[in-house]
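Asker: What would the 3D arrangement of this be:
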Amino acid sequence: MAKSKLEYIWLDGNHPTQSLRGKTKVLADFSGSLEDCPMWAFDGSSTQQAPGGSSDCLLKPVAIFPDPGRLNAFLVMSEVLNADGTAHESNGRATIEDDDNDFWFGFEQEYFLWDPDTDLPLGFPAGGFPGPQGPYYCSVGAANSFGREIVEEHPADGGETGERRLELLVLGGIGVIWDPGGDPEGLLVRYVREQGGIADPREIADRYRSASLGHVSTAQFWSSIGVQGEADQLDRAYLERVQMRRDVLPFLDRMKERGLPVACLTNAVLPWSVLLRERLGLDELMAHWVVSGEVGARKPSQAMFEALRRMSGVPFRNMLLIDSEPPMLEAARSMGMSTVLMRGAALIPEGFPHPVIGGFAELFRSSSAVASAEDSSEGGPSGEGESPGG
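Answerer: Got it, this is the predicted structure:
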């Protein structure tokens, strides 16, 4: 069961300038949407937002963003309400009405980290005591927060530990499913030039990137690079040139017989990906498709991996990624995935840290490739693959 860390962030009651406060909630199988962020409570007496005798304050989530600094984590921007649901006096946002007057009860676990060297709670000065608890409660910053690295590891241990077993094969697009050469400097550039469009491959690549993030439609894409015609016809004519590797379908058939799900993680224009899958019958053979044009991020972004984990329900430790781009393998390994490089035309440097195969037939010819991939997964991304439909 995958777990996510939700960092609730709000403004306290300090004067004349408010300070940030943060508090982490751990949820299982969190969807990543604002609608699934629960209301939460905190002790307002330690944040100058309530007296000690009646200190309950509420946190209402109003926006959510992926946490760029942590795995399986989100930043939940919250506003402060009084215990009765009305806007707190320190809350600069408009009051939000809430007609739900039912009682909600919950349990919150608090604990201290003990320093064996000083025989005091972690962060206590040797031979003395810290100041009043105010700045340390739900604290932000190294001056007020101690042992954060331990806290970060603690909830993660509950979600990503245990026996490793292969539950999901993850394939890249270009060079793995699709024949190499289908990047903007290859098939796409050639097609655009044949249609009388712009000739600069860098400009084509830039416009393609926007389309692969879902920022523009395919009609806008073709128009922006000077290709005239109906977008649907242009899409299909271009995609007719994109071919799969010969060993993909036999491999997928074999995985289906084994009952091993296969997913694709790809930088692609979403409508192109859908057309290719329909034309080649891939949806019947592959369980999940994570497409940059749908996610709004490009691999090796963490958002792509998180979308795959949420979609599949499989922990990273039980995934095996086969990709032709070393930066993708490095990003996957950093999250605990097993990794294998699908060899292309580029030379493999000496000491390359990932197992290498030249085709799918080599993957399960013996158990050594998978075992080696799992052993090497203990291991930042820096590059991004460009692909016509993968």
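Asker: Report the residue ranges of every domain in the chain.
Answerer: What automatic domain parsing lists as the domains of the chain is 3-159, 164-390.
Asker: could you dump these to a markdown table with mean pLDDT?
Answerer: Shown next, in a markdown table, are those (pLDDT from 0 to 100):
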| stretch | mean pLDDT |
| --- | --- |
| domain 3-159 | 81 |
| domain 164-390 | 85 |
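Asker: Deepest-packed of the ones you listed, please.
Answerer: For the domains of the chain, average neighbour numbers computed from mean count of other C-beta atoms under 10 Å are highest in domain 164-390, which has a mean of 18. C-beta: built from backbone N, CA, C; applies to glycine.
Asker: show me where the stretch 151-300 of the chain has strands.
Answerer: When secondary structure is read from DSSP state E, counting those that start in this stretch, the stretch 151-300 of the chain shows strands at 168-171, 262-266, 288-291.
Asker: For those strands, give me CSV that also has distance to E35.
Answerer: Shown next, in CSV, are the strands of the stretch 151-300 of the chain (distance: least, C-beta to C-beta, whole Å):
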stretch, distance to E35
strand 168-171, 27
strand 262-266, 25
strand 288-291, 21
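Asker: Nearest to I348 among the ones you listed would be which one?
Answerer: I348 sits nearest to strand 168-171 of all the strands of the stretch 151-300 of the chain, at 19.4 Å, using C-beta to C-beta.
Asker: and that closest one, what does it pack onto?
Answerer: Packing partners of strand 168-171 (3 or more C-beta pairs under 8 Å, 6 or more residues apart in numbering; DSSP states H and E): strand 262-266, strand 319-323.
Asker: Strand partners (parallel or antiparallel) of the first one?
Answerer: Right, strand 262-266. Here strand 262-266 has these sheet partners by DSSP bridges: strand 168-171 (parallel), strand 288-291 (parallel).
Asker: Pipe these into a markdown table and attach distance to S19 per row.
Answerer: Compiled in a markdown table, the strands paired with strand 262-266 are given as follows (distance: least, C-beta to C-beta, whole Å):
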| stretch | distance to S19 |
| --- | --- |
| strand 168-171 | 42 |
| strand 288-291 | 38 |
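Asker: Relative to N91, which of those is closest?
Answerer: From the strands paired with strand 262-266, taking C-beta to C-beta, the stretch that ends up closest is strand 288-291, at 37.6 Å.
Asker: about what we covered before: nearest to W178 among the strands of the stretch 151-300 of the chain would be which one?
Answerer: With C-beta to C-beta as the yardstick, what comes closest out of the strands of the stretch 151-300 of the chain is strand 262-266 (9.0 Å).
Asker: Might you calculate how far the closest one sits from the centre of the chain?
Answerer: 14 Å (C-alpha atoms, centre = their mean, to the nearest Å).
Asker: what's next to it, contact-wise?
Answerer: 168-173, 177, 252, 255, 273, 282, 285-292, 299, 304-305, 308, 311-312, 321, 323, 328, 387, 389-390 (C-beta atoms under 8 Å, 6 or more residues apart in numbering).
Asker: nearest to S31, of the strands paired with strand 262-266?
Answerer: Per C-beta to C-beta, nearest to S31 of the strands paired with strand 262-266: strand 288-291, 15.1 Å.
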